[in-house]
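>>> Starting from these lines, generate the structure:
(2 chains)
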Amino acid sequence: MIQARGLVQTFHTGRGKTAKEVRAVDGVDLDVHEGEVVGFLGPNGAGKTTTLRMLTTLLRPTAGSATVAGYDVVTESVQVRRSIGYVSQVGSTFSGAFAGDEVVDHGMLYGMSRADAVRRGQELFARLQLDGLWRRMPKNMSGGQKRRLDVAMGLIHDPRLVFLDEPTTGLDPQARANLWEHIRGLRTRLGATVFLTTHYLDEADALADRIVIIDQGRIVASDTADNLKAQVAGDLVDLEVADPGQVAVAAARLGALAHGAGGVETDHRHVRARVQRAGRVVPALLRDLDGAGVALDSIEVLRPTLDDVFLSLTGRSLRDADATDPGAVPTQPEEVLA
Amino acid sequence: MTFLRESSIVFRRQIRMNLRNPAWVLIGIMQPVLYLLLFGPLLKPLVGSFDTGTANAYTFLVPGLLVQLGMFGAFFAGFALIGEWREGVIEAERVTPANRSALLVGRLMRDVLQLLVQALILVGLGLAMGLRGSAVGIGLGILITLLIGGACAAASNALALTTKSEDVMAPVINIVMMPVLLLSGILLPMTLGPAWLERASDLMPFRYVVDAVRDGFAGDVASSAVLWGLVWSVALAALGGWWGTATFRRENS
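Take a look at the predicted model:
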């Protein structure tokens, strides 16, 4: 559905001696298959939106090529635009116009008849819980309603591929959860392929089949959330040893399973290490410890978060890299009892 | 065909929003109306000495005010565009398969229609106050006004989409408009001034436009001034249209 090779976008900043070429997107390769939901994750300024603007024909690539829905983004941009829906992060409707009018006009710009656009628009309003808001102005809508109206604008012409740029930025948790349901529905109910950018880890985790991580204009990883976590970080096993005298024994046993350079970390009676696929090794570890006479007060296995993945890929925490955005919601590690 | 359809979709959308807020049409025409009411009477005793083909103060003043309306009114069209751009409307339209020039043309159609309404109000008010002129000439004058208005609206939209900031637009428009206003003979004929000032005004295209509309109102529709004014307004409309279309078609804006 999307195939990009070596996409580059450079911007020029400053003048004269301070002139500088900024490579906002620096050689991006992407493959998205029909029916996939792909999360495009990265801190602010990583090049997410710039990549998206190139794929949606709003920005001509400085170098490289891309086909979207089977059409070249440069030479067949009109066919690309016909095939895709785009929900931008800044919105799409005028605050002082009636919501229904905006949706109908938008559909007509796609070549739909007025009657078709009205019918389709009203269907979308019903499905997106916008009933009764047809003659409401966006300025009198809540943040969540406005975002759903933007989604309706993007879906008016039944696109096979939908691009969502930071769809839930600035929404309260309830509105976010609600919008997530609708985004899931894009595939399950409409069969659309979805490509969404986000800098929220939990959002990518919750919605996407596959996550593509971009940092400083380059793709640094692309896989399912589970694989990314398994490959890069492993699960964190945290043992609380009952007798402080046995900490060294526990550390040795756990250390034998640990992978990566992190090794074993001890902290009072706690012994921690990252291990691959904890569910497979922990039962044996427990038998081992039991056999060695080590008693535990507690054991905890923490699945890695995408933040751990980002940290190990780039050496920076996504939240640090993203310090400019105070609205970022930190993710909770998933806890699995073993 | 598609182009016309797309332009008219954009046009209807714009008109719908304008009708919802008709105050702006009236605010736009306040300035020329005030000139007509408060400045016109001052011209009455003077206009006979102007050597402009009419002794009627309003037949002299209204053509200048029409051109001023065409220029000033249209130059502010771009401000609405910045508002739309900020709310993502322009980008949403640019991601549809619609022709990008149609997005501009639909908006220009709104600006020209709005200008026509304002011009008719102004001429009607002028007639009520004593303006006398040839019907053909007045029609021709309004046509020239619409051409100039279209040119300025296109330029204003192009400037808006280039700067994307009201804070930049407002001073630019002021810097451009003051010399245009003073050197076009809108309020007083340039022939009154010293030779150097008249030479300076020769370099101002809008001066010929004002002269043409004035000749037309005075009934002299076949004069060379009318011809030159038409040539200039068509040329300016073409230039404005080219700039506007180029800006709307550009990939990154």
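
>>> Within range of chain A, give me the residues from the stretch 1-150 of chain B.
Counting by C-beta under 8 Å from any C-beta of the partner chain, the positions of the stretch 1-150 of chain B adjacent to chain A are B:2, B:6, B:9-10, B:12-13, B:16-17, B:20-21, B:83-84, B:86-89, B:91-98. C-beta here means a position set from N, CA and C on the backbone, and glycine is covered the same way.

>>> out of those residues, which are buried?
Taking 16 or more other C-beta atoms under 10 Å in any protein chain shown as the criterion, what is buried in the residues of the stretch 1-150 of chain B next to chain A is B:6, B:9-10, B:12-13, B:17, B:84, B:87-89, B:91-98.

>>> These in helices, which ones?
The members of those that map onto helices under DSSP state H are B:6, B:9-10, B:12-13, B:17, B:84, B:89, B:91-94.

>>> Which two among those are spaced furthest apart?
B:R12 and B:E91 (20.3 Å; C-beta to C-beta).

>>> that's a strand at B:S156, yeah?
No - applying DSSP: H, G, I helix; E, B strand; the rest coil, one finds B:S156 to be helix, outside a strand.

>>> Could you pull out the buried residues of stretch B:226-244?
Buried residues in stretch B:226-244 (16+ other C-beta under 10 Å): B:226, B:228-230, B:232-233, B:236-237, B:240-241, B:243-244.

>>> May I ask which of the residues you listed comes out lowest in pLDDT?
For these, the least confident position by pLDDT is B:V226, scoring 88.

>>> can you tell me the helix or strand for the residue nearest to that residue when sequence neighbours are not counted?
Excluding the flanking residues, the one nearest B:V226 by C-beta to C-beta, 6 or more residues apart in numbering or on different chains is B:A212, at 4.6 Å. For B:A212, the element it lies in under DSSP states H and E is helix B:205-217.

>>> so how far is the next helix or strand along the chain from that helix off the chain centroid?
Next helix or strand after helix B:205-217 toward the C-terminus (DSSP H and E): helix B:224-249. Computed by C-alpha atoms, centre = their mean, to the nearest Å, the chain-centroid distance of helix B:224-249 equals 12 Å.

>>> Mind giving me the packing neighbours of helix B:224-249?
Secondary-structure packing of helix B:224-249 (3 or more C-beta pairs under 8 Å, 6 or more residues apart in numbering or on different chains; DSSP states H and E): helix B:100-129, helix B:135-163, helix B:205-217.

>>> got the buried residues for the second one?
Read that as helix B:135-163. Applying 16+ other C-beta under 10 Å to helix B:135-163 flags B:137-138, B:140-161 as buried.

>>> Compute the number of surrounding residues for B:M169.
21 (other C-beta atoms under 10 Å in any protein chain shown).

>>> what about A:D26, which SS state?
Strictly by three-state DSSP, A:D26 counts as strand.

>>> Excluding chain neighbours, give the residue nearest to it in space.
Using C-beta to C-beta, 6+ apart, the closest residue to A:D26 is A:G217 (3.6 Å).

>>> so how far is chain B from the one you found?
17 Å (C-beta to the nearest C-beta, to the nearest Å).

>>> Now for that residue: which residues touch it?
A:23-28, A:46-47 (C-beta atoms under 8 Å, 6 or more residues apart in numbering or on different chains).

>>> coming back round to it: looking at the ones in helices among the buried ones among the residues of the stretch 1-150 of chain B next to chain A, which is nearest A:H268?
B:E91 (55.6 Å).

>>> residue contacts, the closest one?
Taking C-beta under 8 Å, 6+ apart as the test, what B:E91 contacts is A:58, A:88, A:90, A:92, B:85.

>>> Select from those residues the one having the most neighbours.
Ranking those using other C-beta under 10 Å puts A:S92 first, with 26 neighbours.

>>> Identify the residue spatially nearest to that one, adjacent ones excluded.
In space, A:S92 is closest to B:A92, 3.6 Å off (C-beta to C-beta, 6+ apart).

>>> I'm done for today, thanks for sticking with me.
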